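Chemist: Take this sequence and fold it.
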Amino acid sequence: MRTALLHYGPLAVAVCVGGALFVLALAVLRARAARPAKAVDPEAPRGVRGVGLGLVRRLGDLNAGRVKPAFADKMKRRFIAMGRPDYRPEDFLGQQILYLLLFGLLGLMLMNMLGRPLWYAVAFALFGYAFPHIWVNDQIKKRQRAISRAMPYHIDLLTLSVEAGLDFQAALAKVVEKGIAGPLLDEMSLILREIRVGKTRAEALRNFAERIQLGEVSTFVSNLVQADRMGTSMGKVLRIQSTQMRVARNQRAEKLANEAPVKMLLPLIACIFPTVFLVLFGPIIYRLMYGG
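Modeler: Here you go, the predicted structure:
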């Protein structure tokens, strides 16, 4: 049975690769035929990345009717937290299908080369299907970390502007003008635009917290909204918030520093200690075993 599997393994891989390419080509052709002709965008991504994005978009068009409303709402919230509100849930589903096929084919080829049963490739395919979720979570955490690191500086700048006599909107405009480029500055610019188009300060701040989905930001927004409602001095509240954020950042830094020795323990035991022992005791053991 094993000999027959090894004999027909390359044929099975070739059939699977050919079938997957045929399905992808058919999906692209059907989506292209169903969509109206558009002018060529000179700024559109080109090369391999452009082909991949175009393929994902066309697979998403095919799956547009299969996306459930609950899944679409959940993914839209995650895309907003990632900083990509333009990304469509159907495109994400198309990306899952594409990665499932690619990782499945990779698993088939590896299992064939290693002489293992081909059905082990199912694990690779499942990982490929889950990989877009892992990527989205990683992007959200990176953006939240960048915002958390930038919060104390920008809140200090906002506090100084308010204490200098500017109102909140003018102070926020000054922060957008003088702040450091990054996701937090983009979000503050969006808050300013929402206030200018007619939303209240509380609504714009709540939308800001809902987009970021970070506990630190939610606490900051709730304190500002409460101070605005109670008539408390905005400069005093901002000063307290800035101090608390700096203390929290120092505490996080101390926590990471205390965790460093524990995280270094496994690489030391697995990689460095065996090499040191081999260099120190290898000649002694060799001489005891073969040198008399």
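Chemist: Remind me what the helix or strand encompassing Ser148 packs against, helices and strands.
Modeler: Under the criterion of DSSP states H and E, Ser148 resides in helix 121-163. With contacts defined as 3 or more CB pairs under 8 Å, 6 or more residues apart in numbering; DSSP states H and E, the secondary structure elements packing on helix 121-163 are helix 69-82, helix 89-114, helix 168-178, helix 183-196, helix 215-230, helix 234-267. (Glycine included, C-beta is placed from N, CA and C.)
Chemist: how about the ones you listed in TSV, adding mean neighbour count and mean pLDDT?
Modeler: Conversion of those to TSV gives the following (neighbours: other CB atoms under 10 Å; pLDDT from 0 to 100):
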stretch	mean neighbour count	mean pLDDT
helix 69-82	16	84
helix 89-114	19	84
helix 168-178	17	85
helix 183-196	17	88
helix 215-230	16	83
helix 234-267	13	83
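Chemist: and of those helices, who's closest to Gly128?
Modeler: Evaluated over those, closeness to Gly128 peaks at helix 89-114, with 2.8 Å, by CB to CB.
Chemist: Would you convert the helices and strands packed on helix 121-163 into JSON lines that also reports distance to Ala209?
Modeler: Formatted as JSON lines, the helices and strands packed on helix 121-163 follow (distance: least, CB to CB, whole Å):
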{"stretch": "helix 69-82", "distance to Ala209": "11"}
{"stretch": "helix 89-114", "distance to Ala209": "23"}
{"stretch": "helix 168-178", "distance to Ala209": "15"}
{"stretch": "helix 183-196", "distance to Ala209": "10"}
{"stretch": "helix 215-230", "distance to Ala209": "4"}
{"stretch": "helix 234-267", "distance to Ala209": "13"}
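Chemist: and the gap between the nearest residue to Met234 once chain neighbours are set aside and Leu192?
Modeler: The shortest distance from Met234 to any residue that is not its chain neighbour, by CB to CB, 6 or more residues apart in numbering, is 5.4 Å, and that residue is Val162. Taking CB to CB, to the nearest Å as the measure, Val162 and Leu192 are separated by 14 Å.
Chemist: Val136 contacts Arg77, correct?
Modeler: No: contact criterion CB atoms under 8 Å: Val136 and Arg77 do not qualify, at 11.0 Å.
Chemist: how would you label Arg84: helix, strand or coil?
Modeler: Three-state assignment for Arg84 (DSSP: H, G, I helix; E, B strand; the rest coil): coil.
Chemist: Check the spacing between it and Leu192 real quick.
Modeler: 21 Å.
Chemist: and if you look at Asn250?
Modeler: If you measure Asn250 against Leu192 using CB to CB, the figure is 30 Å.
Chemist: ok, now Leu205?
Modeler: For Leu205, the distance to Leu192 equals 11 Å [CB to CB].
Chemist: ok, now His133?
Modeler: His133 sits at a distance of 33 Å from Leu192 (criterion: CB to CB).
Chemist: Same check on Ile140?
Modeler: Counting by CB to CB, the gap between Ile140 and Leu192 amounts to 24 Å.
Chemist: same question, Asn223
Modeler: On the measure of CB to CB, Asn223 and Leu192 end up 20 Å apart.
Chemist: can you check Leu110 too?
Modeler: For Leu110, the distance to Leu192 equals 52 Å [CB to CB].
Chemist: likewise Ala121?
Modeler: Here the criterion is CB to CB. By it, Ala121 lies 51 Å from Leu192.
Chemist: ditto for Leu100
Modeler: According to CB to CB, Leu100 stands 42 Å off from Leu192.
Chemist: for Leu114, same thing?
Modeler: Between Leu114 and Leu192 the computed distance is 58 Å (CB to CB).
Chemist: Also Gln251?
Modeler: Separation of Gln251 from Leu192 (CB to CB) stands at 31 Å.
Chemist: before we move on, could you check phi and psi at Thr200?
Modeler: Listed backbone geometry of Thr200 is phi -70, psi 160, with angles given as degrees, to the nearest 10.
Chemist: Around it, how many other residues sit close by?
Modeler: Using other CB atoms under 10 Å as the criterion, Thr200 is surrounded by 12 other residues.
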